[in-house]
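Peer 1: Quick one, what's the 3D model for this:
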Amino acid sequence: MSTFSIFLVLITIVCFLLIVVIMVQNPKGGGLSSTISGTQMLGGVQKTTDFLDKSTWTLATILIALILLSSLSFTGSLNDTGSKIIDKSEIPAASTPAAPAQQTPAPATK
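Peer 2: As a prediction, this is how the structure comes out:
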C-alpha cells in the first residue's frame, strides 16, 4: 500500500468525522447543546458547544494538512503520458524528396 493510498484513507476518515461534527451542530445555537439543556452533563452545555467548535476547526486543519501532504507524496505513477489511441510502434520518418537542381539561367544572347 503506497503512502498516497494511506493519505487517501485518512482523508476519507477525517471527512466523515468532519461531516458528523458539523451535522451535530445547529446553526441557530441549538444542536447537541439544546438536547441536553435540561441536565448538566460533563462540563455543561457551554462546554459541549466549545468542544464541537474546537473539534470542527481541528478536523478542518487536519484535513488541509493531509491534503497538502498527500500532494507531496504523490509520485505521479498513476499519470500515464502515453497515448492509448496511437500504437506505440515506431512510425517511419517521411523521406523528403531531393531538391531539384537549380537551373542556371541561359546567358542572354543579343
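
Peer 1: Now for residue 104, which secondary structure element holds it?
Peer 2: For residue 104, there is no host helix or strand (DSSP states H and E).

Peer 1: Same question for residue 20.
Peer 2: For residue 20, the host element (DSSP H and E) is helix 3-24.

Peer 1: repeat for residue 26
Peer 2: Taking DSSP H and E as the definition, one finds residue 26 inside no helix or strand.

Peer 1: how many neighbours does it have?
Peer 2: 14 (other C-beta atoms under 10 Å). For every residue, glycine as well, the C-beta is placed using N, CA and C.

Peer 1: Give me the local confidence score for it.
Peer 2: With respect to pLDDT, residue 26 scores 71.

Peer 1: List the contacts of the helix holding residue 20.
Peer 2: With C-beta atoms under 8 Å, 6 or more residues apart in numbering as the contact definition, helix 3-24 has outside contacts at 31-32, 52, 55-56, 59-60, 62-63, 66-67, 69-70, 73-75.

Peer 1: Show me which residues of the top helix by length along the chain are buried.
Peer 2: Counting residues, the longest helix found in the chain (DSSP state H) is helix 44-73. Across helix 44-73, burial judged by 16 or more other C-beta atoms under 10 Å covers 45, 48-49, 52, 55-56, 59, 62-63, 66, 70.
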